[in-house]
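I would like the atomic coordinates for the input below:
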Amino acid sequence: MASKKFDKNTIKRLFFDYILKYYKFRFFFVMILVVVTALASVASSLFIENLIDDYITPLLNTDNPVFLPLFKALSIMAVIYLIGVVSNYIYQRMMSRIAQRNLESHS
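Below is the predicted model:
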């Protein structure tokens, strides 16, 4: 079986002649949303470590724990997750609409 070579001209044509010609604003908006989604994912992972070290572990050593700081931290974490979910949903939706329009125009 012969392997297919990577054709740089096809990628250039797709990117410059199609994506940037018809979907310039959406493309850059999707790129921003991809970065926001990635940052929210990284922030949530790092936040879990801080949540355990700074909020949960100190509560284990107290007789009368105060849960308000933990609740505030969990609220911040929920907002970070919500931002990631919403940005992921929007960019997935935009990319599927672009793909559907592309298929409709070429069929």
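
which helices and strands sit right next to the longest helix along the chain?
Counting by DSSP state H, the longest helix found in the chain is helix 68-105. In terms of contacts (3 or more CB pairs under 8 Å, 6 or more residues apart in numbering; DSSP states H and E), helix 68-105 is packed against helix 24-50. C-beta: built from backbone N, CA, C; applies to glycine.

Would you mark the buried spots in the next helix or strand after the helix it packs on?
Next helix or strand after helix 24-50 toward the C-terminus (DSSP states H and E): helix 57-60. For helix 57-60, the neighbour count (16 or more other CB atoms under 10 Å) marks no residue as buried.

host element of the residue of the chain most remote from its centre?
What lies farthest from the middle of the chain is Asp63; by CA atoms, centre = their mean that is 40.5 Å. Secondary structure assignment for Asp63, by DSSP H and E: no helix or strand.

Next one: it from Val36, what distance?
Applying CB to CB, to the nearest Å, the value for Asp63 to Val36 is 42 Å.

Tell me which residues touch Asn50, please.
Ala73 (CB atoms under 8 Å, 6 or more residues apart in numbering).

ok, now which ones touch the residue positioned nearest the centre of the chain?
Closest to where the C-alpha atoms of the chain average out (CA atoms, centre = their mean) is Thr37, at 1.9 Å. The contact partners of Thr37, taken as CB under 8 Å, 6+ apart, are Gly84, Ser87, Asn88, Tyr91.

For burial, what's the neighbour tally of the residue lying closest to Ala73 once chain neighbours are set aside?
Of all residues not flanking Ala73 in the chain, Tyr55 sits nearest, at 5.2 Å (CB to CB, 6 or more residues apart in numbering). Neighbourhood size, Tyr55 [other CB atoms under 10 Å]: 16.
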